[in-house]
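Engineer: Here is my input, please return the structure:
(one chain, ligands or ions: 1)
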Amino acid sequence: MGPLIDRFGRPVTGVRISVNSTSSCNLHCIFCHREGEGRGHEVEMTPEEIERIARVLKGFSVTKVKLTGGEPTVRDDILEIVERLGRLGLDDLSMTTNGYRMAELARELKDAGLKRVNLSLHSTYPDRYRFITGGGDYERAIRAIKASLDAGFFPVKLNVVVLKGVNDDELERFIEFARELGAGDALILQFIELQMVGSAIGGFYRKYHHDLKEYEAVLKRRAVKDVERTLHRRHQYKLPNGVWVEIVRPMHNSIFCMNDTRIRITHDGKFKPCLFRNDNLVDFLGAMRGGASDEELAERFKLAVRIREPFFKPLSLPSSSDELSASRAS
Ligand code: SAM
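Structural biologist: Numbering: from 1, shown residues only. Presented below is the predicted three-dimensional model:
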């Protein structure tokens, strides 16, 4: 069966699964969007439940799975989760992590079927890193990057959330940092614009949001290669020194939303059609634990796709009356 296509013509080919809540994360990033989830709810899906829902979605050609959290590596059974998903024969299986246990787990995760990782590194200065992450250990993050490259993940992406007045002066330093790692095409620096969700709402967002539009135009001029991805139509630029930089500009960007091919799953087992909204979640874990069949779970997935809509819409589309302000998704 081909992918389901939502009312706005967007196929759903990927899923981003939170395997634990942000309350259980080992770090406390000042800007954390908490994957758009509220606080509380310590319910977690078991490895079997994660595998089962991924298998149901694979029946609808959802062949790209990204694990996130919280912090995925905090889970004792993260290896089992990856092993189970690794056996499904997905096109892509990746993880976003702050690298907490990556130095010890990288090889086993690779052997279990994890293909690539996004490692969060929001500064190249240890003290700033500590400030941004609420006490994170910079050296540990660097060891995680090296272990991930050594394990052969391809690519290793470095996620940098760019914050005005905090780390926006070190973008070129990041590029030099990446060049010095000498990983060539295996490393991609990903500069991410702050999203107005979770902790990053209101005054925080206004204070720290740094629009990456101008910087992207500069990169475009410098680039020797410019690759446009299908997902969000985001661009990856290869610079003359061999470093790849990807720019993620989700805010007020209808092109980004109109090309969003991923659905989310919250840590407590709900389909979440949009990062910015919590009024259209579709629970499946309750149904699963109540004995629902795969067909019933599939119906819930179909419903989640049916009610999915871009948060930032092009002017040519009628704006929805139930569109919420971003701040309500905190
Ligand atoms: N704990 C893991 C980590 O730090 O990578 C995974 C969870 S974290 C919520 C997933 C990604 O979301 C990280 O790369 C993080 O930098 C990014 N992120 C978190 N809050 C954000 C925000 N307000 N705007 C943009 N990106 C954000």
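Engineer: Return the residues in contact with residue 260.
Structural biologist: Taking Cβ atoms under 8 Å, 6 or more residues apart in numbering as the criterion, residue 260 is in contact with 10, 231-232, 310. All C-beta spots, glycine's among them, are computed from the backbone N, C-alpha and C.
Engineer: Make TSV out of these and add distance to residue 220 and neighbour count.
Structural biologist: Formatted as TSV, the contacts of residue 260 follow (distance: Cβ to Cβ, whole Å; neighbours: other Cβ atoms under 10 Å):
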residue	distance to residue 220	neighbour count
10	25	20
231	19	14
232	16	19
310	24	21
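Engineer: Show me which residues of the stretch 1-150 of the chain sit near the ligand.
Structural biologist: 25, 31-33, 35, 68-69, 71, 96-98, 118, 120 (Cβ under 6 Å from any ligand atom).
Engineer: List the buried residues in stretch 85-93.
Structural biologist: 85-86, 90, 93 (16 or more other Cβ atoms under 10 Å).
Engineer: thinking again about what came up before, now flag whichever of the contacts of residue 260 is closest to the ligand.
Structural biologist: Relative to the ligand, the closest of the contacts of residue 260 is residue 232; by Cβ to the nearest ligand atom it sits at 13.0 Å.
Engineer: ok, that closest one - contacts?
Structural biologist: For residue 232, the contact set (Cβ under 8 Å, 6+ apart) comprises 248, 250, 255-256, 259-260.
Engineer: hang on, the earlier thing: restricted to helices, list the buried residues of stretch 85-93.
Structural biologist: Among those, the members found in helices (DSSP state H) are 85-86.
Engineer: Among the buried residues of stretch 85-93, which one sits closest to residue 290?
Structural biologist: residue 85 (23.7 Å; Cβ to Cβ).
Engineer: Tabulate the buried residues of stretch 85-93 (JSON lines), appending pLDDT.
Structural biologist: Shown next, in JSON lines, are the buried residues of stretch 85-93 (pLDDT from 0 to 100):
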{"residue": "85", "pLDDT": "98"}
{"residue": "86", "pLDDT": "98"}
{"residue": "90", "pLDDT": "98"}
{"residue": "93", "pLDDT": "98"}
